[in-house]
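J.: Predicted model, plus sequence, below.
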Amino acid sequence: MTDDAFHNTMTLTIRLDDDGKIVADACDYLSDDLDGEIADYMSCLITGMHLMFNSMTDAYAYIGYLAQTNVQLKEEMDSGIEFEPSEELIKALSDGKIIPFNRKKLN
């Protein structure tokens, strides 16, 4: 990659150190000719991201877990999973042991 690839960019790099601890590093590659107000905003943005990541690492991991689980569930549902009642359920239905209800009457 050329230096131009990082022109006016910021990075939040997450790595494992030798002890297996998660370490986050924040860097910016903002040019000197960038508008001062924009540069200040970008600097505050990366600083905030860095601080939030360091203080909420487990929360980010949990959100990622939920997102991955959601994708897996959607894929399973899209794959055509079909409900097959057990013999016990079929027998209970035929014996009249399951009481049907009308949602309109529940209120």
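T.: Looks like it came in fine.
J.: Return the distance of the residue nearest in space to the middle of the chain relative to M52.
T.: Compute the mean C-alpha point of the chain, and by Cα atoms, centre = their mean the closest residue is G64, 3.2 Å away. To M52, G64 is 15 Å away according to Cβ to Cβ, to the nearest Å. No exception for glycine: its C-beta is placed from N, CA and C like everyone else's.
J.: Could you do D78 as well?
T.: Plainly put, D78 is 34 Å away from M52 if you go by Cβ to Cβ.
J.: Residue most distant from the centroid, the protein?
T.: Relative to the mean C-alpha coordinate of the chain, counting by Cα atoms, centre = their mean, the farthest residue is D95 (46.6 Å).
J.: thinking again about what came up before, return the distance of the helix or strand harbouring the residue nearest to the centre of the chain from the chain's centre.
T.: Take DSSP states H and E as the rule and G64 turns out to sit in helix 57-78. In terms of Cα atoms, centre = their mean, to the nearest Å, the gap separating the centre of helix 57-78 from the centre of its chain is 6 Å.
J.: Could you export it as CSV, CA atoms only?
T.: Output of helix 57-78 as CSV, limited to C-alpha atoms (Å, rounded to 0.1, in the frame of the first residue of the first chain):
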residue,chain,number,x,y,z
THR,A,57,-14.2,-4.6,25.1
ASP,A,58,-16.5,-7.3,26.4
ALA,A,59,-19.6,-5.3,25.3
TYR,A,60,-18.2,-5.1,21.7
ALA,A,61,-17.5,-8.9,21.8
TYR,A,62,-21.1,-9.6,23.1
ILE,A,63,-22.6,-7.4,20.4
GLY,A,64,-20.6,-9.3,17.8
TYR,A,65,-21.7,-12.6,19.3
LEU,A,66,-25.4,-11.5,19.0
ALA,A,67,-24.9,-10.4,15.4
GLN,A,68,-23.2,-13.7,14.5
THR,A,69,-25.9,-15.7,16.2
ASN,A,70,-28.6,-13.7,14.5
VAL,A,71,-27.0,-14.5,11.1
GLN,A,72,-26.8,-18.2,11.9
LEU,A,73,-30.4,-18.3,13.0
LYS,A,74,-31.5,-16.6,9.9
GLU,A,75,-29.5,-19.0,7.7
GLU,A,76,-31.1,-21.9,9.6
MET,A,77,-34.6,-20.5,9.1
ASP,A,78,-34.0,-19.8,5.4
